[in-house]
Every structure is written in C-alpha cells, then in structure tokens.
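**Student:** coordinates only, sequence not included:
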C-alpha cells in the first residue's frame, strides 16, 4: 500500500481529547494516567469546489426574530432550570454520576411530554424490559412514549427520521457508536461524531433532543470538552449519595439563564420536586449548638437557607487536621488565617472539621461571614443567638464586604421566622426602608461580630 493511501492512527486521551503520535503514560494536557487509546484518523473531507459562490451576508437590523416557543414539561424545577421549558429543535445534555437519577428524570419528563406529543426514548444501556420496570415504579404510562433499544447511531437517526417524533432521548451518548469509525464506543472520536450527528438531526428535522452523559472521576462530563460546546444546554445533576436530595444545575444555556437550580428529592416512586428547600435543609438543625450557623445562600434568583457546622478541637497529633464537606477547603483555610491574624483566635494548632448540612455545596463568597461565625462559635464553645443568621464576604484584612441581592435573602429569612441578621454595613445602607420583623445589624469587620456575640 502506498504511503499516500495508508491509514493513519493517533493516540487520543479519553479524558480531554489530547492527541499524540505515540502512546504516553501520562497526558501532558490534563495529567491523566493511562488515558490514551489508539484511534484511526478519519480522512479529511473534500474541499469545496474552487470558485463556488459564498453565502451572502445579511443586515442584522433587517432580520425579524422569530417568536420563541417552549414546551414545558410540567416539572417545575426542571422548567425553571431550562428557562421555561424545552425549545423546539434544541440539543440538551444532562450529566451526572452513575445512579444519581439522570434516567429517572428523563423518563419522568418524557412521560409528561408524551401526553401531547410523540416521544422516542432510545435506551442504549438497558433493555426495554428494564426501562419498563422503572416506568412501572414511576407510574409512567403515556400512550405516545415509545422505547427503542439500539446502540447504532445510523439506525437511531434513520428511525428518528422515519418516525418524526417531537422529542428524542439518547441514554447515553457514551454507549452509542458510528459505523464510520473503528474506535470503540465511548472514545473521544465516537462521542464527538455521534453528538455531531444528533445535532444535525435536531437542527435539520426540528426534533428536540436530550442526551444523557457520564461524568469522569473529577465530575466533568466524559468525552472531549468540545461536546459541551456543540450542544445548546448543559445540565449537571449533582448530589451526595448519602442524602436523598439532588440539585440540577445549568452550566450552559443558550435559551435562558445559567444561574438557576432545581432541587429534587429521590424517593421510591421517583424524583419529587422540593418547592421549599430551605425548610428541608433546616428541619433537623439543633437549637443552641455551638458551631451551628445559618446563612442565606443565593442560587441564581433562588434564596436557600442552609446550616453551616464547624467543629474545632485540640489537635491529637503534631499536624492539625483540616476537613471540609460542601465548601472549598482553601476558602476555609483562608478564613482560618484571617481569624488568627486579625482577631487573635488561636486556630492554627486546632483540628478543624467543617460541613454544609444536607449535602449542599456552596461556592459564593456571601457564606464567608457564616463560616467565620461558625468557627468562632465552636472554638469558644458558645452558641449563636437563636433564630439569627449571617451573610457577607470577608476580605483578607478582616473587613466585611457587601454582596448581591440582600433583599431576597432577607425575605426568605423573614418567611421562615428568623428574627436577627448580621449583614455587611454596605448592604444595610442600600436596603429600602421598610417595616421588617427582622432586626438588621450592619457590620464593617469580623471583629465587630465576634466581639458582640462570642468575645464579650
């Protein structure tokens, strides 16, 4: 065989898609070990005909925007994250850990949509009998919901074009394959090729498509990063297996906000919406316990009251332990250093364990003041006043900085019966003057809060 026609092979990292002409034990791009697999290089597509006319540009102001229509699935938490429902012809990717509830959510959603439209559910990991068992448990029995056990992308596309369903589900993208590639299902090239074909199907035929995706050990959706760029919406299903609660979070949404979350509870009959997550997360909070602090966290436009728990005790060994759950441990370590330097609390030689109760994960700086209060409360062994909450960002000099949307945080606290709140003085100045049953105390530094509550 001549060198010109000889097939070419490359080694591709299955975690990030990095290519190498030879096998490497460690990926230089993502530092993954033993992640390279050999894949055949697809021949380049023929170039366009020389001299072919290019598409003519059009004036932006002369275009008329089509009115956006949506299909709500009547699962309020999912519709909230999507921005009101599915957009016709869109491609949505749902990722999450194994067993987190991706297939359950998709089946429940498609069952409601199948009451008014034809739905084709392609199960590539399970048999139709297994899906039927899950459907019986969930009570899914819509007349226009059809199942197809298939892993060949060509046959999936042909069936969808023949049947013309309004909605198509592929569960999951890592288990289907294209005959045009010789690599195994789940490899970077297969995932990219199959997603590209589904995107062409969704846009060309106007079929609203949802695909489920596995995640890696780091929590990212398996396959090339290009996969997230190809789809219209990327949803992550999060949750601690030790807790029944699940959080659906949008990290990309071309048709809506990426700041909204949906909260679900996993039950025997499927996923149930949690319309009031604050009451759920606080219902088992002990009253008068040192180290227990409540903060109003903001997820998109939704305020959620969560409990922070800190345990500070003398170190048994030379090196003190640091353990955090539900919050960045580097952020907690930074706040420990601020307390040590600016307030004089001797925490560096203490074992410190920190937890966000209920399996919630916090990533906003407004939790800083609550973290500081919880650490000080546990160290001094003195509880915070009852029905009191805290929020505010803490700087390296110990100052308390203003945060976004204090009004809706306070409204949620009032609704749940809290009586006192410590918040940044900058937020207190900008709040509209209104009669509140909630007593507000504006603070400029963490020393003010700790002096009044724990050091007086």
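**Tutor:** Alright, I've got the coordinates. None of these values were measured; they are calculated from a predicted model. Residues are numbered from 1 along each chain as shown.
**Student:** could you list the buried residues of stretch 134-142?
**Tutor:** Taking 16 or more other CB atoms under 10 Å as the neighbour-count basis, stretch 134-142 is seen to contain the buried residues 134, 135, 138, 140, 142. Glycine gets a C-beta too; all of them are placed from N, C-alpha and C.
**Student:** so which of those residues are in helices?
**Tutor:** Counted as lying in helices by DSSP state H, out of those, are 134, 135, 138.
**Student:** nearest to residue 378, of these?
**Tutor:** Closest approach to residue 378 among those (CB to CB): residue 138, at 42.8 Å.
**Student:** format the buried residues of stretch 134-142 as TSV; extra columns: distance to residue 55.
**Tutor:** Shown next, in TSV, are the buried residues of stretch 134-142 (distance: CB to CB, whole Å):
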residue	distance to residue 55
134	46
135	46
138	47
140	45
142	42
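**Student:** all helices for the stretch 1-150 of the chain, in order.
**Tutor:** When secondary structure is read from DSSP state H, counting those that start in this stretch, the stretch 1-150 of the chain shows helices at 76-82, 102-113, 128-138.
**Student:** to residue 203, which of those helices lies closest?
**Tutor:** Ranking those by distance to residue 203, with CB to CB as the measure, places helix 76-82 first at 18.1 Å.
**Student:** one step back: tabulate the helices of the stretch 1-150 of the chain (CSV), appending distance to residue 429 and mean pLDDT.
**Tutor:** As requested, these are exported to CSV (distance: least, CB to CB, whole Å; pLDDT from 0 to 100):
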stretch, distance to residue 429, mean pLDDT
helix 76-82, 32, 91
helix 102-113, 43, 94
helix 128-138, 51, 94
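**Student:** could these be laid out in a markdown table, adding distance to residue 264?
**Tutor:** Formatted as a markdown table, the helices of the stretch 1-150 of the chain follow (distance: least, CB to CB, whole Å):
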| stretch | distance to residue 264 |
| --- | --- |
| helix 76-82 | 6 |
| helix 102-113 | 7 |
| helix 128-138 | 13 |
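**Student:** of all these, which one is nearest residue 35?
**Tutor:** Ranking the helices of the stretch 1-150 of the chain by their distance to residue 35 (criterion: CB to CB) puts helix 102-113 first, at 23.5 Å.
**Student:** next, the buried residues of the closest one.
**Tutor:** Of all the residues in helix 102-113, those buried under the rule 16+ other CB under 10 Å are 102, 103, 104, 105, 106, 107, 108, 109, 110, 111, 112, 113.
**Student:** just put those residues in JSON lines and tack on distance to residue 421.
**Tutor:** Compiled in JSON lines, the buried residues of helix 102-113 are given as follows (distance: CB to CB, whole Å):
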{"residue": "102", "distance to residue 421": "38"}
{"residue": "103", "distance to residue 421": "42"}
{"residue": "104", "distance to residue 421": "38"}
{"residue": "105", "distance to residue 421": "35"}
{"residue": "106", "distance to residue 421": "40"}
{"residue": "107", "distance to residue 421": "42"}
{"residue": "108", "distance to residue 421": "38"}
{"residue": "109", "distance to residue 421": "38"}
{"residue": "110", "distance to residue 421": "43"}
{"residue": "111", "distance to residue 421": "43"}
{"residue": "112", "distance to residue 421": "40"}
{"residue": "113", "distance to residue 421": "42"}
